[in-house]
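Asks: Sequence and computational prediction follow.
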Amino acid sequence: MKTISLIIPCYNEEESIPLFYAEVTRVLKTMPVDYELLFIDDGSRDGTKAALKALAEQDSRVTYLSFSRNFGKESAMYAGFANAGGDYVAVMDADLQHPPALLPEMYAALQSGEYDSVATRRIDRKGEPPIRSWFARQFYKLINRFSDSDIVDGAQDFRLMKRDMVDAILAMSEYNRFSKGLFGWVGFRTKWLPHENTARVAGESKWSFWKLLCYAFDGIISFTQAPLNIASWLGGIMTMFSFLYLAFIIIKYLAVGDPVAGWPTIICLILFIGGIQLSMLGIIGQYLAKTYLEVKKRPHFIIAESNREDIRRIG
Ligand code: UDP
Ligand code: MG
């Protein structure tokens, strides 16, 4: 029998965990598979670790990996991939926004042999502030125009993959992880399952608008070099413009002489060019900062506590 490993990143999810566990085991028991549940406690400040410990005591299929601090969901998923032993691996949120009821359908799609992974995308953005939806749509338009990996609008991290794909993702050990981009970059044949947006069962979302905006910038910087090209293009255009302006000044001088004027023009040009130079330096700085983090090769996660001995504790 094949084994499915479920990876569940948890950050302050003490209320959701029992509900999630009940629902997911109910579904998994109806499937013709063995399974293991890998809960990653991402440095929670509430009773998450205690809740996971209690589960692990009553169910030997439950493993918990407790981080030494909050490393973020991307690191939690990476730790899960690194420690999952199944033939198939799935990532799910603990808040039941990713319905476990979809698992049998996802598994069946992989069994047909046509696909290497089955991913879900939400067909609506119900219950989300309109301004947030607008920003999200613009983000997907922008990143898909400039980057060579296919990043699907509404794609969620909820997906079931074959081992090969997981190994490919693990091989991408970059520090700045943007999973939506990584899943697209490795390729493989992916089937998309649409489903409706569901509300969280308990607790609240850890993503503020500001955090999402920063995450979107991270995604753009990680997956396209287009912003760097903007600098060269703008520089070229400005140079051409300055030659034209020079020609204009010479002609004007020959035609009407040189009355002292042009103070506002000079100030405007200085401010304009200064502004462009600063923002271009900023873009270069963003890439440099990412490179700096990458070359340090720091680990993605540090596990402080677990109920299993044979795990990768630092990676
Ligand atoms: N999560 C995590 N580390 C974090 C933030 C979130 O492991 O720093 C987990 C969280 O417990 C949940 C999943 O990532 O299982 C998705 O988080 P959330 O529901 O807050 O995001 P949303 O569904 O609102 O996008
Ligand atoms: Mg959620």
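Replies: Arrived safely. Ligands and ions are numbered 1, 2, ... in the order given.

Asks: can you count the residues close to G315?
Replies: Look at G315: counted by other CB atoms under 10 Å, it has 17 neighbours. Using the backbone N, CA and C atoms, a C-beta is placed for each residue, glycine as well.

Asks: so who does it touch?
Replies: By CB atoms under 8 Å, 6 or more residues apart in numbering, G315 lies in contact with Y78, A79, A82, P299, H300, F301.

Asks: excluding its backbone neighbours, what's nearest the first one?
Replies: Across the structure, with CB to CB, 6 or more residues apart in numbering as the measure, the residue nearest Y78 apart from its sequence neighbours is H300 (4.7 Å).

Asks: Which helix or which strand is home to the one you found?
Replies: For H300, there is no host helix or strand (DSSP states H and E).

Asks: in the stretch 101-250 of the chain, which spans are helices?
Replies: 103-111, 130-146, 163-171, 179-185, 209-223, 226-256 (DSSP state H, counting those that start in this stretch).

Asks: Show me what counts as buried in the last one.
Replies: In terms of neighbour count (16 or more other CB atoms under 10 Å), helix 226-256 has its buried residues at P227, A231.

Asks: next structured bit after it?
Replies: Heading C-terminal from helix 226-256 (DSSP H and E), you reach helix 263-296.

Asks: Please state the offset of that following helix from the chain centre?
Replies: Relative to its chain's centre, helix 263-296 lies at 26 Å (CA atoms, centre = their mean, to the nearest Å).

Asks: go on, stretch 17-27?
Replies: Its chain's C-alpha centre and that of stretch 17-27 lie 25 Å apart, by CA atoms, centre = their mean.

Asks: mind listing what's buried in it?
Replies: In stretch 17-27, counting by 16+ other CB under 10 Å, buried: I17, F20, Y21, V24, T25.

Asks: of these, closest to D167?
Replies: V24 (24.3 Å; CB to CB).

Asks: from what I can see that closest one touches L6, true?
Replies: Yes. Using CB atoms under 8 Å, V24 makes contact with L6 at a distance of 6.8 Å.

Asks: if I look at those two, which residues touch both of them?
Replies: Common neighbours of V24 and L6 (CB under 8 Å, 6+ apart) are L37, M92.

Asks: Skip the chain neighbours and tell me the closest residue to R312.
Replies: Once flanking residues are discounted, R312 sits nearest to A82: 5.0 Å by CB to CB, 6+ apart.

Asks: Output the contacting helices and strands for the host helix or strand of the one you found.
Replies: Following DSSP H and E, the helix or strand that holds A82 is helix 73-83. Helix 73-83 sits against strand 3-10, strand 34-41, strand 62-67, strand 88-91, helix 163-171, with contacts defined as 3 or more CB pairs under 8 Å, 6 or more residues apart in numbering; DSSP states H and E.

Asks: Find the residue at the geometric middle of this structure.
Replies: In the chain, the centroid-proximal residue (CA atoms, centre = their mean) is F178; its distance is 3.5 Å.

Asks: Any figure for the gap between that residue and F39?
Replies: To F39, F178 is 23 Å away according to CB to CB, to the nearest Å.

Asks: what about the residue of the stretch 101-250 of the chain found nearest ligand 1, how many residues close to it?
Replies: Proximity of the stretch 101-250 of the chain to ligand 1 (CB to the nearest ligand atom) peaks at S205, 3.2 Å away. Close neighbours of S205, defined as other CB under 10 Å, add up to 10.

Asks: now T291
Replies: Close neighbours of T291, defined as other CB under 10 Å, add up to 11.

Asks: Ok, A101 next?
Replies: For A101, the neighbour count with other CB under 10 Å is 13.

Asks: so what pLDDT did it get?
Replies: What the model reports for A101 is a pLDDT of 90.

Asks: how much space between the residue nearest to it when sequence neighbours are not counted and A304?
Replies: Using CB to CB, 6+ apart and skipping the chain neighbours, the partner closest in space to A101 is V27 (5.9 Å). With distances taken as CB to CB, V27 is found 31 Å from A304.

Asks: so where is the stretch 201-315 of the chain shaky, pLDDT-wise?
Replies: Along the stretch 201-315 of the chain, the parts satisfying pLDDT under 70 run over 258-259.

Asks: residue in it nearest to ligand 2?
Replies: Closest contact between the stretch 201-315 of the chain and ligand 2, by CB to the ion, is at S205 (5.5 Å).

Asks: Could you show which parts of this structure are in contact with ligand 1?
Replies: Neighbours of ligand 1 within the chain, by CB under 6 Å from any ligand atom: 9-11, 13, 42, 70, 72-73, 76, 93-95, 97, 205-207.

Asks: can you name the two of those residues that are farthest apart?
Replies: Spanning the widest gap among the residues of the chain next to ligand 1 are N70 and Q97, at 19.8 Å by CB to CB.

Asks: and the nearest residue to P129 once chain neighbours are set aside, how many residues sit next to it?
Replies: Nearest non-adjacent residue to P129, counting by CB to CB, 6+ apart: F209, 7.9 Å away. By other CB under 10 Å, the residues close to F209 number 11.
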